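Student: Give me a model of this one.
(one chain, ligands or ions: 1)
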Amino acid sequence: MRFDAIDAVLFDMDETLIYHTRSFKDIARESYERYAAELKPVTFEEYWTTLWGKATDLWFMMIDGVLPGEEARRYTFINTLRALDADPELGPRLIEHTDARMLESTHVMDDAFAVMNQMREAGLRLGIVTNGYSCIQRMKIDHHKLNGHVDFTIVSEEVGAHKPEPAIFDAAVAQAACKPERILFVGDTLENDFLGARNAGLEAVLIDHDATRADSPIEEGRYIRRLTELLPMLGLA
Ligand SMILES: [Mg+2]
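Tutor: Prediction:
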């Protein structure tokens, strides 16, 4: 596939520009073990089941605009501790521990900066469009200094719309300052990224670093395994 009239490239962040080497559950287990003495007699399974339930509930409260993400995140941990009859004062330490482990376990894709630099040298406008809590996504953006490689970053909580909703793509189109059909969106999920972008009138490519979505129902030539594959598609290789 060759895209001949692209002025801007937008990237999803998680599992597109950066990858995680540990799951939330794996990190929760380490946090539980670190504070096991204070959490006793709660078992890890009880801690995890409760934490996951609260994480889901509070996530949707942020999505619905009932609570700011930072509060939703705080109460994910505080309400977990309360539900388990544990000390809610442990909440901030659990969050700090979780955040530190999460940052340690995220890494920039090997080819990301080189690909982005080459695109910018060619005059393309670049952006990041990511779903999530502002506090967490901004922490990752800052930690990996992604801001220095793109023209703008959009976190869904901040615009009150989340992929695949058209409103977040519209916000990105406005920042890209060009027509939607001249924007290429690159992301790793079919629904949120690929179909969301196509539905909003953007061009799109599905990236699949771990080769788990090779059978995705998408148009020929729009499936890639590595970011470098974008360069020839844009006539830059
Ligand atoms: Mg992603």
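Student: Around the ion, pick out the residues from this protein.
Tutor: Those residues of the chain that sit near the ion, judged by Cβ under 5 Å from the ion, are D12, D14, E15, D188. Placement of C-beta: from N, CA and C, glycine included.
Student: What about the second one, how many residues nearby?
Tutor: Spelled out, that is D14. 17 (other Cβ atoms under 10 Å).
Student: so it sits right up against F24, yeah?
Tutor: No: when contacts are counted by Cβ atoms under 8 Å, D14 is not listed as touching F24 (11.8 Å).
Student: separation between K54 and N199?
Tutor: 32 Å (Cβ to Cβ, to the nearest Å).
Student: Which member of the residues of the chain next to the ion is positioned nearest I224?
Tutor: Nearest to I224, judged by Cβ to Cβ, of these is D188 at 10.2 Å.
Student: Counting neighbours, what do you get for that closest one?
Tutor: 22.
Student: give me every residue that touches it.
Tutor: Residues in contact with D188, defined by Cβ atoms under 8 Å, 6 or more residues apart in numbering, are D12, D14, E15, T16, L206, I207, D208, H209, R213.
Student: Nearest residue to it in space, please, no chain neighbours.
Tutor: Closest residue to D188 apart from its sequence neighbours, by Cβ to Cβ, 6 or more residues apart in numbering: E15 at 4.4 Å.
Student: can I assume that neighbour is in contact with D208?
Tutor: No: using Cβ under 8 Å, E15 makes no contact with D208, being 9.3 Å away.
Student: Now do the strands in this structure.
Tutor: Ranges of strands in the chain, per DSSP state E, are 8-11, 18-20, 106-108, 125-130, 152-155, 183-187, 203-207, 223-224.
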